[in-house]
Structures are given as structure tokens and as C-alpha cells.
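Trainee: Sequence below, structure please.
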Amino acid sequence: MTPTEIATAAAAIAGARRARSRIGALPETCRPATATDAHAIQDAVTALLDAEVGAFKANAPIGDAPGVRAPIYAPAILASPARIDPTDCPQCGVEGEIAFRFRQDLPPRPTPYTREEVAASVDACAAIEPVTSRFADPAAPALDKLADCLSNGGFVYGAIIEDWHRLDLAKLQVTLTVNGETVLDQVGGHPTKDPLGAAVALVELMRPAGGVKAGQYVTTGSCTGLRYLAPGDRCGVVFEGLGEAQLEFVAPHR
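Mentor: The predicted model follows:
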């Protein structure tokens, strides 16, 4: 994509974010053709919004597919139990996830960071990712969704666990409740069975792009699938041994 095409796509997405509205689609001539294009649009949206990045969502490479990342902006990062105004997240989607918080900067450098270095640099927590899109069509192309920060609507984090290394993160019992009723109870469920792998992928993706900063989070993919709730609903996710996170879709107390 040319700089002009990236700027045009970014302006459309940033405008939808500011207006808390949805757009039909990106202009046909300004749609991303690669993950690199989509990441460039993300970065341009961040610049237009002058937004602080407090977290990322990330997916590790699967087969020939590249690893991808998406920024989550600081105002949308909330401690559990959290309340989110449904007008800020109109689709009210939720995913229960395992997340990590970086204890130290991992700045740019010529050589990749090892898995062991990343593991030694993070703490873990249970998390809920609210999901919503800036596109009106839920079947928007995957790269368009990537340009729109993978349909991220925020991030809710639970208590930080420092001794997570004792846990087999791929095999934790996970329970999801909605309005007090259990809707999912299973072992595992992570799409790659390797939550830490997503953190490693993020560090590699950001290594030539400013690195990651102490205090930033990375959430690593849904262990519960994507579920759509309604305004007024509340949900909670519990990972045995790791903790819990809770979210309610109501206007926060002012």
C-alpha cells in the first residue's frame, strides 16, 4: 500500500472510533493486501488518535500464516471487576483469555528474543477481551479486521500472578459464566495450546517497531470462543490456578 492509501484507510477507522459508529467497508482501493499493510494502518490509526498503547492482542504464526498483533489503547484497559458502557462496545462480544504483563522493557535489538527471555520478563493473569468492530458487516475480510485492531473493544485484567511458571497454561480448567450461569466448563481451549507463544510472537513483531514496554499487557487468544452478550449482561472467566476476571456491560459509575 502507498502512504496515501494507508492514510485514507486509517482516517476511516479512526473516524469510526471517534464517533463510536461503524463504517460499511474500507474504500476498495485502500484495503490491506497483507498483514504488513494491516499493521501499517493500525499504526496510522494510533497516530491519528494520539493514543497511548497499553496492551496488545497477538497471535503466533500458524503454518504459513504470519504472526499478527493489534494495539489496545490505555483508556480501554480496566482492572477486574470492570464495567463497560455498551455504547463503547456495541456488539458486547467477550473472550476469556490468558494474558501476560511485561515487567521490563524489551527494546529493539538486532537479534530475536528467546522464549526463555520472554518467559522471564512477564507475569500472567486471567483476562476478558471485549470485542466489537468498526465495520457494520460482521463478515468483513480478515485483513480489514486486522487493520481494525482485530475487532478489539478493550481489555479487562485480573490479579497478577508471578509464579505462573508452575502451571501448564494449555491445560487449565476454564469456566465462563454469564449472568451467574455457567455456559462453558472445559480443560484448555487455547487455539494454539501455547499462550506464551503469542507473547513471544508479539515481542518479535515489535522488536523492529519500538519494542515492548514495562507495564504493557499482551492477551493471547480466546480459550472460550467468542460469545455475544447484551447490554446489562455480566460475565466472568475463571482459570483454575491463575485467577479470574469479571465484566459487566453497563454504564460505569461516574
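Trainee: Name the helix or strand for residue 113, please.
Mentor: For residue 113, there is no host helix or strand (DSSP states H and E).
Trainee: That one contacts residue 202, correct?
Mentor: No - look at residue 113 against residue 202 with Cβ atoms under 8 Å: they stay out of range, at 10.2 Å. Backbone N, C-alpha and C define where each C-beta goes, glycine included.
Trainee: More neighbours: which of those two?
Mentor: residue 202 (28 against 18; other Cβ atoms under 10 Å).
Trainee: can I assume that one is in contact with residue 55?
Mentor: No - Residue 202 lies out of contact with residue 55 (Cβ under 8 Å); the separation is 10.0 Å.
Trainee: shared neighbours of these two, anything?
Mentor: residue 218 (Cβ atoms under 8 Å, 6 or more residues apart in numbering).
Trainee: can you pull out the strands in the stretch 101-250 of the chain?
Mentor: Taking DSSP state E, counting those that start in this stretch, the strands of the stretch 101-250 of the chain run over residues 122-131, 155-157, 173-178, 181-187, 217-222, 227-228, 234-239, 243-248.
Trainee: Save these as TSV, and put in mean neighbour count and distance to residue 62 too.
Mentor: Below are the strands of the stretch 101-250 of the chain laid out as TSV (neighbours: other Cβ atoms under 10 Å; distance: least, Cβ to Cβ, whole Å):
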stretch	mean neighbour count	distance to residue 62
strand 122-131	26	19
strand 155-157	26	23
strand 173-178	18	21
strand 181-187	12	21
strand 217-222	26	10
strand 227-228	15	22
strand 234-239	23	22
strand 243-248	22	26
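Trainee: As JSON lines, those with distance to residue 207 and mean pLDDT would be great.
Mentor: Compiled in JSON lines, the strands of the stretch 101-250 of the chain are given as follows (distance: least, Cβ to Cβ, whole Å; pLDDT from 0 to 100):
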{"stretch": "strand 122-131", "distance to residue 207": "15", "mean pLDDT": "98"}
{"stretch": "strand 155-157", "distance to residue 207": "22", "mean pLDDT": "98"}
{"stretch": "strand 173-178", "distance to residue 207": "31", "mean pLDDT": "97"}
{"stretch": "strand 181-187", "distance to residue 207": "33", "mean pLDDT": "96"}
{"stretch": "strand 217-222", "distance to residue 207": "14", "mean pLDDT": "96"}
{"stretch": "strand 227-228", "distance to residue 207": "34", "mean pLDDT": "95"}
{"stretch": "strand 234-239", "distance to residue 207": "29", "mean pLDDT": "97"}
{"stretch": "strand 243-248", "distance to residue 207": "29", "mean pLDDT": "97"}
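Trainee: how about a markdown table for those strands, with distance to residue 66 added?
Mentor: Below are the strands of the stretch 101-250 of the chain laid out as a markdown table (distance: least, Cβ to Cβ, whole Å):
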| stretch | distance to residue 66 |
| --- | --- |
| strand 122-131 | 21 |
| strand 155-157 | 23 |
| strand 173-178 | 27 |
| strand 181-187 | 29 |
| strand 217-222 | 15 |
| strand 227-228 | 27 |
| strand 234-239 | 28 |
| strand 243-248 | 29 |
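Trainee: out of those, nearest to residue 95?
Mentor: strand 217-222 (3.6 Å; Cβ to Cβ).
Trainee: Compute the inter-axis angle for the closest one and strand 234-239.
Mentor: Here strand 217-222 runs at an angle of 90 degrees relative to strand 234-239 (axes from the mean of the first three to the mean of the last three Cα atoms, to 10 degrees).
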